[in-house]
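Undergrad: With the input below, show me the fold.
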Amino acid sequence: MENNKIFWRKVPSVTNLLLCGMFIPVGILHASESYGQRVMIDLTAENMTVKEVLEQIESQSDFDFFYNNAHVDLNRQVTVPDEGEELFTILDSVFEGTGVKYVVMDKKIVLSTEAETTQSVQQKQKISGRVVDASGEPIIGATIKEKGTSNGTISDFDGNFVLEVSPSSVLEISYIGYQSQTIKSDGSQPLSITLKEDTQTLEEVVVVGYGVQKKANLTGAVSSVKMDEILGDRPVTSVSDALLGAMPGLQVTGTSGQPGSEMSFNIRGTNSINGGNPLVLVDNVEMDINMLNPEDIESVTVLKDAAASAIYGARAAFGVILVTTKKGSTDSSVSINYSNNFSFSRPANMPHKASPMQTVQAYKDMGWVNYRTGENVDTWLGLLEDYVQNPGNYPEGYTTIDGLRYQLQETDLFDDMLETGFQQTHNVSVNGGTKSLSYRMSAGMVKQDGVLVTDKDAYNRYNISSYIRSDIYSWITPELDIKYTNLNSSLPTSSAPYGIWGAASAFPSYFPLGEVEMEDGSSLPINTPRNQIILGAPTEKKRDNLRLLGKVTITPFKDLKVIAEYTFNRKSAETTKYDNKFEYANGISNFNKESSIANSKYEITSGATDYTALNIYGNYTKTVGKHDFSAMAGFNQESYTYHEVKSARWDMINDNLPSLSQGTGAYENKEAFSEYRVRGLFYRLNYSFAGKYLFETNGRYDGSSKFPSESRFGFFPSVSAGWRVSEERFMDWSDSFLSNLKLRVSWGNIGNQNVDPYQFVPAMEAFRPNWVVDGSKPTALEPPALVSNSFTWEKVSTLDFGFDLGLFNNRLNMVFDWYRRDTKGMLAPGMELPGVLGAKAPMQNAADLRSKGWEISIDWNDRIGNVSYYLGFNLYDSRTKIMKYDNESQLLGKDADGKLYYREGMDLGEIWGYHTDRLYTEDDFDVNGNLKPGIPKVEGYNPNPGDVLYVDYNNDGLINNGTNTGLDPGDMRIIGNNTRRYQYGIRGGAAWKGLSLSFILQGVGKRDMWIMNELFYPHYDEFSTFYDTQLDYWTPEHTDSYFPRLYQMSKGNTAANTMTQTRYLQNGAYLSIRNITLSYSLPKKWLTPWGAKNLQIFFSGENLFTFDHLPKGLDPERTVTDDLGSRGFTYPYMRQYSFGINLTL
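TA: Predicted structure coming up:
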């Protein structure tokens, strides 16, 4: 029986081998044979059996042998006298004169004889069929075996097979990663066999702190996604774009569509009034996620509660994002993948200005007789009416009367400065491995040309990654991972007033383009945004990131692993900015010749951050009966050092070659340096009984140099438990539909070290005052601020309840969590000190806040015939309240430094303002124009018909904010909240015979936004213009309007009409069609003759449409940090259309 163990490998007969050989493409044969010809086998066989020779070959190469034991004599003794022979030379020698032939299929070598006996053939029947997966794709190399025998074969490149078996035999079909099937057939009809994925074999594991765990055993609040699944064929260039809407509780926000712009992450809302971001770890080591190529990422895990994050201690107060990059595969052939993406982009949401006729009419309605630039408004309107009817009378688009130029032609400054953006992405990777070695190398390039004219609007990223892992011995495995990223970006800037985007937003729709002829006969460019881009010097940024990670895993004995990791990461950056001086004709002041800036300025900022990390930890696992134990403990130390130098010089000699040495004016030098260390001991203990009762505890004893030595260390524990109810015997009645039900509860405590490294040091800051001593500005020192040497960590504790539910063989999955998070001891100014002291109170651990929220995700995966489909939905909500803060007077708004006043009981994001009653009407005034009794007015203003009338809550006849405190807010009330509520993501798709369609939706269910700027309010300030969404304003003939009456520039009651109020509070809810992708995978039978494994062609649309409630041009996805709203228009988000391929060899 011992001699037959190796026989139970796929065993084709002669006829089947010949049929199989017909389907082997020449390219694959050549590739495999070429590999075999390169493989040298160190073997000296003297009187060894054939079986022993084959086993030696398998141990020294990537090949596996398949044969029928009835045709190959494994006990025959052979002699191979020479050492170091090529593989095929050895095989030729071993089987010389035996009639045994071999055929190479990838890394499989099939042995067979030339013919079978007639008697054998007469006793068998021929069975044929095809093996495919759930999507209908053929499975290559599946084993089809006659049950109870060693007779079998393997499926070919189309999944087809032919096998001669004994009458009434039973077939066993198997393939790694799929559920085996047993089928009985009489051979009358070809078999169609569909293998399903084996969920037990492929039981999902999730990356957690310093290790992995089975998803079924998780007890903390953890979400995980596979990058290939959420990325698909989308033309995204950053990880943050791919994660948008992918997981509940993970908020991804941005402020700009500029090429290379970075987005920010937030997990479960606000953690601290001092701000902070989640800890991002790439392969267990901190790294800037924006430096990564999404194609190099295997999975992303988000640790959301303190129980899951406590193991990272001081740095994990805002949650943890664990990124696992792709590695090579052991015991696999070389795989080469190349993908590209070409996309074209245009702004997704642009505002549109009012026409020149509408704009000048608005000037008249504002009361202008002669506009501020001198033009007579009635004359202008008459000219515009004539221009509309007879444009040929004004070939230059304007006319001059009494020395004043009247612009008539409509222009579009946005369109003039924009063009179609183009982006191309190329990625190539090579991976593979032997039984003791795995490797992966990759390179990626992203080249983005933005939508602003010229080549100054650009972003380029280059990624190189190299990974190798080797099992030197069975007990030691070293790994080396090298990642390098180079980023280069260029952004057009202008030193002229307004700047590029300010000019595009504020200048009217009749603003002239191009150049203008001056009185001296010369031509000057007009200060259009386009000309400012062309004339201005771009701001250029260069960044490099090099990360070296060395890792050694030692296995002293079976159940123990000891891991040591050391990382060095250097991130350097250089920014050059040149405010150059150029001349232009000012199109808003009768084309006067002006200079963009009085003195040119050249500035260089250069800095570098060095980061080192040492991790040493061990993991011990043991199973005793139904008891599963796991213990992990380790040591971590990290070091951060930052150094920056900034130099500036004014008045360049040569504007074309700016440099610090070529300046003749003043100069400025600044230098910054900071460093801090983190050191900690951590542990995790897991216990599981019968796979039903789960317990876990994590903890860390952490120290940070950001705190005084007396309060530098803290202990942060966590505990969690789970109950897999579905595994209980009393739940047997639900087996037909219930796949999984697990209840979870967790609690944990984490420290927050997100403070300045030297906040406890009474430092004196140097500055240069405005006064002059002996002809120059001296260097002065500010007196040191008061400090507290007792402040320490902010402490964050989280209580979480949740459940995981799987139904209908896990086709329907649901995860729900409710949590309460308390942040105590937040750093805030202490109690106010007497004014005679001359200093502010030092920062102390004097504030608390509490967040409450919930999140849910629901996923459905199924198939109908040849169509497989999926649909996923996630929803998240959170609210945060200040529980403690030293603000006895409950001041509202912001202080002189722009910092928000907090108060006990305050909901973060709340918007204070006035309730709008209506607009004043003529009936509110007497014949003398005075307000009638009982009609209130804004204090300090005298209203007119058409102005905003507010609700007078205290009935004193005056609208004001009282003392601007929570105790006396006057007529102000809380009118809204800027917090994003009910954030959701929807993903879905379907596939049929290689054709697939997918979509991603993302949005916010509730949000209030106070937006008061030139894009929302008509003629917001004296330099603003009108948009077509702003024309519904009050006039004596149009009293039923949305906007109030208009005033010239800053005169009148504009300030009173634009106070924060309910009338103009905007609904920030939206639904965005984030992506739709259509792809087609070519059939494998078309590809194998060319040596390809997979070729996919795709077309994709990104940011296709947004359903929202805002005026056109205002984007609800922009970050608005408080109730004061946002100002102006900046680089818009892009709508992209792309195509590309994904090729695997």
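Undergrad: what about Glu396, neighbour count?
TA: 9 (other CB atoms under 10 Å). In this view, the C-beta of every residue, glycine as well, is placed from N, C-alpha and C.
Undergrad: How about the contacts made by it?
TA: In this structure, Glu396 makes contact with no residue, judged by CB atoms under 8 Å, 6 or more residues apart in numbering.
Undergrad: Phi, psi for it please.
TA: Backbone geometry at Glu396, expressed as degrees, to the nearest 10, gives phi -90, psi 0.
Undergrad: what's the span of stretch 571-588 from first residue to last?
TA: The first and last residues of stretch 571-588 sit 45 Å apart, counting by CA to CA, to the nearest Å.
Undergrad: Report pLDDT for the most centrally placed residue in the chain.
TA: Among the residues of the chain, the one closest to the centroid is Ser240, at 1.0 Å (CA atoms, centre = their mean). Per-residue confidence (pLDDT) for Ser240: 84.
Undergrad: Same check on the one 4 residues further on?
TA: As summarised for this prediction, Leu244 has a pLDDT of 82.
Undergrad: start at 470 instead
TA: In the new count, where the first residue is 470, that last one comes out as Leu713.
Undergrad: For stretch 900-912, buried residues please.
TA: For stretch 900-912, the neighbour count (16 or more other CB atoms under 10 Å) marks 900-903, 907-909, 911-912 as buried.
Undergrad: out of the residues you listed, what pair is the most spread apart?
TA: Spanning the widest gap among these are Thr903 and Ala912, at 23.0 Å by CB to CB.
Undergrad: hey, which helix or strand in the protein has the poorest pLDDT?
TA: Within the chain, no helix or strand scores below helix 483-491, which has a mean of 33 by mean pLDDT, DSSP states H and E.
Undergrad: list the helices and strands the host helix or strand of Val857 packs on?
TA: Using DSSP states H and E, Val857 sits within helix 846-858. Applying 3 or more CB pairs under 8 Å, 6 or more residues apart in numbering; DSSP states H and E, we find helix 846-858 packed against helix 825-834, strand 873-876.
Undergrad: closest to Tyr1511 out of these?
TA: Once the helices and strands packed on helix 846-858 are compared by CB to CB, helix 825-834 is nearest, at 14.3 Å.
Undergrad: And for the closest one, what's in contact with it?
TA: Taking contacts as CB under 8 Å, 6+ apart, the residues outside helix 825-834 that touch it are 822-823, 840, 846-847, 849-850, 853-854, 857, 876-879, 977-979, 1487-1488, 1494-1495, 1497, 1500, 1502, 1504, 1515.
Undergrad: swap in stretch 1405-1423?
TA: With CB under 8 Å, 6+ apart as the test, stretch 1405-1423 has contacts from 1383-1391, 1393-1394, 1400, 1404, 1425-1429, 1431, 1439-1440, 1442, 1503-1505, 1508, 1510, 1513-1514, 1521-1522, 1524-1526, 1528, 1530, 1532.
Undergrad: still on that earlier bit, by mean pLDDT, show me the worst of the helices and strands packed on helix 846-858.
TA: Ranked by mean pLDDT, those bottom out at strand 873-876, with a mean of 92.
Undergrad: got a list of contacts for that one?
TA: Outside of strand 873-876, the residues within contact range by CB under 8 Å, 6+ apart are 825, 842-844, 848-849, 852, 866-869, 979-981, 1059-1060.
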